[in-house]
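Colleague: Fold the following and give me the result.
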Amino acid sequence: MARIASDPMLDIQPDFASPTFEGLRNRIIGATQTTHDEVAADLIAAWQQDRNLRVVAWTRQIDEDAHLAAEAARAEREQEDQERVRLELEAEAEKKKPKINDFTVGTAVGDTLTPRPSQYAIHKLKSFEYIELWYFSPEGCKATSDEAKTSADDAFGFTKVEDFVALKPVASFKASRKAIQDHGLEWRQFDLAKNSFLLYINKLNWPEKHQRALTMFFMNIVAHPSRSEHFGEQTLLLYAARVRRDWHDTLILNNAFDISVFNPTLLRNMNEEVWNKARHESLTEVSFLPLAHYVNHLSNSTPPQFSPHFAFNHSCCFHLLPFYRFHSVYLCSRCLCFCSRYRSPCFRFLCFRFLCFCYL
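Modeller: Sure, this is the predicted structure:
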């Protein structure tokens, strides 16, 4: 059926009884025995029937046009969606492509290179977790580098990279067996390691507030006047180790203190702890004195050059053993027993802990 150009409902019914249609009515009457009114009525009925058919066709045509328009719109949306997905995939693939940053032409490498810590230490810093300073010392960097080289091909583990699962050496995410606690470091190791530690937290974009607090914390440690005292550095190392560990623990609980504020009372308590440990170790050394090493020396009539002696009484002669820090330990050259003249760190008292058998 031909396409309908306009809505049939808008068509106006002709006046078939008017003089305009008189010739048509006469032709119809000549063939039949009807009147003009009957012919006009038949023409009106025929016109209305034709209009009704055209109205049905027009409605069907509108529905078909609407369906075709909806299909075309859906196809266009699908095409747009496909194009958008294609562009997103291309952009994502572009992001994942390896990129290399620019460099300044003519610029030479620096005079010194900062030792690179292990991936384990870097991962800890990225997660803002506690990590021993040993990993940032020259010895720690070298040790973990050697471990990574020797065990890189041994074991691998799964890790998530973007939306993919990748394999990485397990050694890169594992603590080193050679790691040393902060209070067990030498002062030189601590001093170098904290500089490298501060450098890497800056590279890994730690918050400025936290960086300033840690910088002041380490400055308070290295510049503290008690360093020159006996066991001063050991006490400061113990303070730095425990306070930094506790700071990280309280950060997790969201009630952290200001680590840059130094606590002299806590330092005094730790100093007493270090002294007590030293006293205990010295008493333990006295109780297990190795005599065999000195028997051959004491058999000579002349005492060793490094061991001044004194007469405890007329029947025995004691030789000073040179390897005790807080005790003057003496060994009898006759009966091979010993006594200990112990002086406290505050030099308040002096006592003998053992009595020579010659005296008895």
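Colleague: alpha carbons only for contacts and neighbour counts from here, please
Modeller: Will do.
Colleague: low-confidence ranges in the stretch 51-200 of the chain?
Modeller: With pLDDT under 70 as the threshold, the stretch 51-200 of the chain has low-confidence stretches at 147-173.
Colleague: quick one: the helices in it?
Modeller: 119-126, 138-151, 187-203 (DSSP state H, counting those that start in this stretch).
Colleague: Can you report phi and psi for R116?
Modeller: Per-residue torsions, R116: phi -90, psi 120 (degrees, to the nearest 10).
Colleague: Contact partners for it?
Modeller: 136, 141 (CA atoms under 8 Å, 6 or more residues apart in numbering).
Colleague: What is the neighbour count of the residue lying closest to A175 once chain neighbours are set aside?
Modeller: Nearest residue to A175, sequence neighbours excluded (CA to CA, 6 or more residues apart in numbering): Y120, at 6.6 Å. Residues near Y120, counting by other CA atoms under 10 Å, number 19.
Colleague: Would you confirm that Y120 contacts S145?
Modeller: No: if you go by CA atoms under 8 Å, Y120 and S145 don't touch, sitting 11.1 Å apart.
Colleague: so T250 touches I259, yeah?
Modeller: No: contact between T250 and I259 fails when scored by CA under 8 Å: they sit 10.8 Å apart.
Colleague: The two: who's more crowded?
Modeller: It is I259, of T250 and I259, that has more neighbours when counted by other CA under 10 Å, with 21 against 13.
Colleague: For that one, list the residues it contacts.
Modeller: 213-214, 217, 243-244, 247.
Colleague: and the gap between the residue nearest to A175 and A57?
Modeller: 78 Å (CA to CA, to the nearest Å).
Colleague: the strands in this protein, which residues?
Modeller: 156-161, 164-169, 309-313, 316-321, 327-332, 338-343, 350-352 (DSSP state E).
Colleague: Which residues are in contact with T215?
Modeller: 198, 260.
Colleague: centre of the chain versus stretch 93-102, how much separation?
Modeller: In terms of CA atoms, centre = their mean, to the nearest Å, the centre of stretch 93-102 is found 23 Å from the chain centre.
Colleague: cool, stretch 230-250 as well?
Modeller: 23 Å.
Colleague: H210 and F257, how far apart?
Modeller: H210 sits 11 Å away from F257, going by CA to CA.
Colleague: quick one: which of the two has more around it?
Modeller: H210 (15 against 12).
Colleague: contacting residues around the more buried one?
Modeller: Contacts of H210 by CA under 8 Å, 6+ apart: none found.
Colleague: For D11, give me phi and psi.
Modeller: Dihedral pair for D11: phi -70, psi 150, per degrees, to the nearest 10.
Colleague: repeat for the one 4 residues further on
Modeller: The phi and psi torsions at D15 (degrees, to the nearest 10) take the values phi -90, psi 90.
Colleague: Counting neighbours, what do you get for it?
Modeller: 12.
Colleague: how much space is there between it and L43?
Modeller: Separation of D15 from L43 (CA to CA): 9 Å.
Colleague: Please apply the same query to D50.
Modeller: Using CA to CA, D50 is found at 11 Å from L43.
Colleague: the more surrounded of those two?
Modeller: A count of neighbours by other CA under 10 Å puts L43 above the other of D50 and L43, at 19 against 12.
Colleague: contacting residues for the nearest residue to N52 once chain neighbours are set aside?
Modeller: Spatial nearest neighbour of N52, chain neighbours left out: P8 (8.0 Å); criterion: CA to CA, 6+ apart. By CA under 8 Å, 6+ apart, the residues touching P8 are 51-52, 54-55, 58.
Colleague: Okay, P8 and D146: tell me how far apart.
Modeller: Taken as CA to CA, the span from P8 to D146 is 92 Å.
Colleague: what does L87 give?
Modeller: From L87 to D146 the distance is 45 Å (CA to CA).
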